[in-house]
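S.K.: Quick check, what structure comes out for this input:
(2 chains)
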2 protein chains.
Amino acid sequence: MSEQSRIHSLVARFGASADRLVVPSGDDAAVVKPAGAVSVTSIDAVVEGVHFELPAWPLAAVGRKAVAAALSDLAAMGASAGEVYVAAGLPKDLSEAEFDALCDGIAAAADACGAGVAGGDLSSASELWLSVTVVGYAAGENAVVTRAGAQPGDAVVVTGVLGGSVRALELIGDGADPSDPRLAKQFAPIPRFAAGAALAAHGATAMIDISDGLARDAGQLAAAGSAQLSIELELIPLAEGIEDAASAAASGEEYELLATLPQGQVESASTAVAETGTTLTVIGRVTEGSGVDLLDVDGSRVEVRGFDHFD
Amino acid sequence: MSEQSRIHSLVARFGASADRLVVPSGDDAAVVKPAGAVSVTSIDAVVEGVHFELPAWPLAAVGRKAVAAALSDLAAMGASAGEVYVAAGLPKDLSEAEFDALCDGIAAAADACGAGVAGGDLSSASELWLSVTVVGYAAGENAVVTRAGAQPGDAVVVTGVLGGSVRALELIGDGADPSDPRLAKQFAPIPRFAAGAALAAHGATAMIDISDGLARDAGQLAAAGSAQLSIELELIPLAEGIEDAASAAASGEEYELLATLPQGQVESASTAVAETGTTLTVIGRVTEGSGVDLLDVDGSRVEVRGFDHFD
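M.R.: Below you'll find the predicted structure:
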């Protein structure tokens, strides 16, 4: 199948953005009517041997993870999901069945968020990689929640539970069955669009998705907001089977949302997030200062390293 | 330098889109106020060993070519240039100086078109690749010129001169000095934004940029428009030093614009394109039928194969 046919087969599978898509891929470029006053755009790449290993990763999981990871950045702004554009480097020995599985994963991730694939480009390469650009929308520039804005006195909150992602990586490394549901945090992560929108609507002052580990991403909010985040380890909500809060605080690629929120908004935000099917947990507070304090139950500071891929 | 610092250094070099850019890269995503009622988006990747060879290509040329090739797709819609998002796979042995040169090339290509780099992602990889997503704008869906729309009776027109790109590839293969100006068609291609806008404003019915060769790209206009394009080889404007029109018709990556235009608009469009600093040449006409007829001076049909990279 030619590059053109492969790209068309990929785009033809998607209809989610049909309303916005005036001219679909196949022309020189896709033409889209923006679904909001501001566009929110992010680009994210995954590379074989860096972000995933073959054959340990099913091709569908590679596609799904790549697109979900990119979309998660939009959820972290409180934006909606719009279009997905995928460039891929394909090893010459990638079979049609493997290419189809890759597309299935891309489709599943986009569909799960109401996004549509609007364009693509394929090339041969010596290792598999995907570069995913995602475009979302918000009602205006004040409707997006950036990393900056944490205010002393705010609560530090996190969606869902943490630690499952690093556990999943360990299980994949140990050769676990790909159908083991504990691998889903890596193979089929779910960006928190509904929770992100709920947090944005309920006054979140700063927000980020957890990709480099809670500790390191909290550091990003602290740096962007010129504030200090004090987080109590014992308050971190742990995934089933995870007992070490410090390990959960270092676990990257969780794609949960970490936000700061005025104390008076915590209750209503928690209710709104619960209605999206996940939980919101207060894990600390914002103070004057800089950086992140991770505090053990006795009040002592804990050092937690961030999450790095093995590059 | 960390990935984050490298990305920031890349984004910090650009200010062109500052007006539109509400939140620059460095947050989870870039937030942009669209500069038109519709957004026009394309994604394009270049891979070492497929689209360019190292060390024959200076790193600045790799960056410049990758971004210019992607932007050319927007010019071919009659759209303006907006934001550029770059993901890159970097070999571990890429030096800081080489990375800087790559960024210089990206900067030069974006600057030349009034675009701004608004986001990026870097990863290690075993070979160098760049994936470039470009976003442009148009006043509305009727303001963009797609590949479909060629009408029987229309003139077939092309900007600039052809054949220089394949000649440049040959010279690069022969180890020519990178400063040889004849290599510029590959090392520093110029997307035809002003000419594309002029053609759109003067009633172009269909338009494409020449990336796969005039003959093959004319085939795209014919297929999209359900019409036939009859092109006379002797009318094709040839680059200096190029004598074989058939070779010019097969030369890819020219990034000139091929368009169809009502006959009554040819004169005004030519004047408008001339004001942008290049030429517009009538090379044939649109008829009922399908496909492309490339006609020699005696009226006989000529077979011209398209341009393919060596993958």
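
S.K.: Any idea which residue of chain A lies closest to chain B?
M.R.: Closest contact between chain A and chain B, by CB to the nearest CB, is at residue A:131 (3.4 Å). Just so you know, the C-beta spots here come from the backbone N, C-alpha and C atoms, and that holds for glycine as well.

S.K.: Report the contact partners of the residue nearest to that residue when sequence neighbours are not counted.
M.R.: Leaving aside its chain neighbours, residue A:131 sits nearest to residue B:131 (3.4 Å; criterion: CB to CB, 6 or more residues apart in numbering or on different chains). Contact partners of residue B:131, counting by CB atoms under 8 Å, 6 or more residues apart in numbering or on different chains, are A:43, A:45, A:87, A:121, A:131, B:43-45, B:86-88.

S.K.: show me what contacts residue A:247?
M.R.: So residue A:247 contacts A:163, A:166 (CB under 8 Å, 6+ apart).

S.K.: Correct me if wrong, but it is in a strand.
M.R.: No - the assignment for residue A:247 by DSSP: H, G, I helix; E, B strand; the rest coil gives helix, which leaves it out of any strand.

S.K.: how far away is residue A:120 from residue A:83?
M.R.: Distance, residue A:120 to residue A:83, using CB to CB, to the nearest Å: 11 Å.

S.K.: Compare neighbour counts for those two and give me the winner.
M.R.: residue A:83 (29 against 25; other CB atoms under 10 Å in any protein chain shown).

S.K.: Next up, the contacts around that one.
M.R.: Per CB under 8 Å, 6+ apart, neighbours of residue A:83: A:17, A:20-21, A:30, A:32, A:115-119, A:134-135, B:41.

S.K.: which SS state does the residue nearest the centre of chain A fall under?
M.R.: Nearest residue to the geometric centre of chain A (CA atoms, centre = their mean): residue A:72, 2.8 Å. Under the three-state scheme (three-state DSSP), residue A:72 adopts helix.

S.K.: How about the one 10 residues further on?
M.R.: With three-state DSSP as the basis, the three-state label of residue A:82 is strand.

S.K.: my guess is it meets residue A:133, correct?
M.R.: No - at 10.9 Å, residue A:82 does not count as touching residue A:133 under the criterion of CB atoms under 8 Å.

S.K.: So, low pLDDT: which residues of chain A?
M.R.: By pLDDT under 70, the weakly predicted segments of chain A are A:1-4, A:7-19, A:24-26, A:309-311.

S.K.: At which residues are the strands of it located?
M.R.: A:21-23, A:30-32, A:38-47, A:80-90, A:116-124, A:129-138, A:155-159, A:206-209, A:228-232, A:257-261, A:280-287, A:291-295 (DSSP state E).

S.K.: what's the spacing between the most far-flung residue of chain A relative to its centre and residue A:232?
M.R.: For chain A, the largest distance from the centre (CA atoms, centre = their mean) belongs to residue A:298, which lies 32.6 Å off. Using CB to CB, residue A:298 is found at 11 Å from residue A:232.

S.K.: Also residue A:163?
M.R.: With CB to CB as the criterion, residue A:163 and residue A:232 are 16 Å apart.

S.K.: Residue A:174 now?
M.R.: Distance from residue A:174 to residue A:232, by CB to CB: 32 Å.

S.K.: now swap in residue A:171 and tell me
M.R.: 28 Å.

S.K.: Does stretch A:176-194 reach chain B?
M.R.: No - figure legend: stretch A:176-194 not in contact with chain B (CB under 8 Å from any CB of the partner chain); closest approach 11.1 Å.

S.K.: which residues sit against that stretch?
M.R.: Taking CB under 8 Å, 6+ apart as the rule, stretch A:176-194 contacts A:57-58, A:60-61, A:64-65, A:68-69, A:71-72, A:74-76, A:80-81, A:108-109, A:112-114, A:159-160, A:164-165, A:167-169, A:171-172, A:209, A:239, A:241, A:253-257, A:276-278.

S.K.: let's see 6 Å
M.R.: A:58, A:61, A:64, A:68, A:71-72, A:75, A:81, A:113, A:159, A:164-165, A:168, A:171, A:255, A:257, A:276 (CB atoms under 6 Å, 6 or more residues apart in numbering or on different chains).

S.K.: Check stretch A:59-71 too.
M.R.: Contacts for stretch A:59-71 (CB under 6 Å, 6+ apart): A:42, A:44, A:46, A:52, A:81, A:84, A:98, A:101-102, A:104-106, A:108-110, A:113, A:130, A:132, A:134, A:187-189, A:191.

S.K.: repeat that for 7 Å
M.R.: Outside stretch A:59-71, the residues within contact range by CB atoms under 7 Å, 6 or more residues apart in numbering or on different chains are A:42, A:44, A:46, A:52, A:81, A:84, A:98, A:101-106, A:108-110, A:113, A:115, A:128, A:130, A:132, A:134, A:186-191, A:255.

S.K.: Quick check: residues of the stretch 101-250 of chain A near chain B?
M.R.: Residues of the stretch 101-250 of chain A lying close to chain B by CB under 7 Å from any CB of the partner chain are A:118-121, A:123-127, A:129, A:131, A:133, A:141, A:144, A:146-147, A:208-209.

S.K.: and those, which are buried?
M.R.: A:118-121, A:123-127, A:129, A:131, A:133, A:144, A:146-147, A:208-209 (16 or more other CB atoms under 10 Å in any protein chain shown).

S.K.: sorry, back to before: list the contacts of the residue farthest from the centre of chain A.
M.R.: With CB under 7 Å, 6+ apart, residue A:298 has no contacts at all.

S.K.: how near is it to residue A:233?
M.R.: With CB to CB as the criterion, residue A:298 and residue A:233 are 10 Å apart.

S.K.: in stretch A:257-272, what's buried?
M.R.: A:257-262, A:265-266, A:269-270, A:272.

S.K.: picking up where we left off before, beta-bridge partners for the residue nearest to residue A:131, please?
M.R.: residue B:45, residue B:87 (DSSP bridges).

S.K.: For the residue lying closest to residue A:123 once chain neighbours are set aside, give me its contacts.
M.R.: Take residue A:123 and drop its neighbours on the chain: the residue closest to it by CB to CB, 6+ apart is residue B:47, 4.7 Å away. Residues in contact with residue B:47 (CB under 7 Å, 6+ apart) are A:89, A:123, A:125, B:127, B:129.

S.K.: Kindly report the same for residue A:6.
M.R.: A:99, A:122.

S.K.: Can I have the buried ones of the contacts of stretch A:59-71 as a PyMOL selection?
M.R.: Buried members of those, defined by 16+ other CB under 10 Å, are picked up in PyMOL with:
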select buried, chain A and resi 42+44+46+52+81+84+98+101+102+103+104+105+106+108+109+110+113+115+128+130+132+134+186+187+188+189+190+191+255
